[in-house]
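**Student:** Based on what follows, work out the 3D shape:
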Amino acid sequence: MTTFLVGTDSAETSEKLLAYLESRVVDGDEVYAVNSLVGGDRSNDKDVLAGTEALEILKDGVGADTHQLIRGNSPQEDLLAFAEDHDIDELVIGIRKRSPTGKMLFGSTAQDLLLETDLPVVAVPLVDAV
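**Tutor:** Numbering: from 1, shown residues only. Below is the predicted model of the structure:
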């Protein structure tokens, strides 16, 4: 039995992650899906709705136990804390291709997760291969 934690931020991300999970999840596995929002003036109703829609895709697709977290934390903080609290075996995240400047200016949740955990992390490309 494997316990997966999926981090998602949009319906498009969830669709890509679902394609991976459908080939991986078997009977007896558990799937948790988390949408993390900072909250306050950095999150609005549109963000909450987008997160809810993203989580529904994973709930409908693989029966994920869904959680929308609005705690004032960064996504990587929320995902790592959730992983520790729920004895997660594998993290599943999406990655976008970004320029070095884009990474420097905006940070990278994927990079932070990879550097801060000893769990296996599956990074699913969010763009189609060229």
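**Student:** next SSE after the helix or strand bottoming out on mean pLDDT in the chain?
**Tutor:** Ranked by mean pLDDT, DSSP states H and E, the helix or strand of the chain with the weakest confidence is helix 100-106, at a mean of 51. Per DSSP states H and E, the first helix or strand lying C-terminal to helix 100-106 is helix 109-116.
**Student:** okay, that following helix in CSV with CA atoms only?
**Tutor:** Once non-C-alpha atoms are left out, helix 109-116 reads as follows in CSV (Å, rounded to 0.1, in the frame of the first residue of the first chain):
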residue,chain,number,x,y,z
THR,A,109,8.0,25.3,-5.1
ALA,A,110,9.3,22.2,-6.8
GLN,A,111,12.9,23.1,-6.1
ASP,A,112,12.1,23.9,-2.5
LEU,A,113,10.3,20.6,-2.0
LEU,A,114,13.1,18.6,-3.5
LEU,A,115,15.7,20.3,-1.3
GLU,A,116,13.7,20.0,1.9
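**Student:** Show me what counts as buried in the helix or strand containing Ala83.
**Tutor:** Using DSSP H and E, Ala83 maps to helix 75-85. Going by neighbour count (16 or more other C-beta atoms under 10 Å), the buried part of helix 75-85 is 75-80, 82-83. Bear in mind the C-beta positions are built from the backbone N, C-alpha and C, glycine included.
**Student:** outside of it, which residues touch it?
**Tutor:** In this structure, residues lying in contact with helix 75-85 by C-beta atoms under 8 Å, 6 or more residues apart in numbering are 5, 7, 9, 32, 34, 36, 67, 69, 71, 73, 88, 91, 93, 109, 112-113, 116-117, 119.
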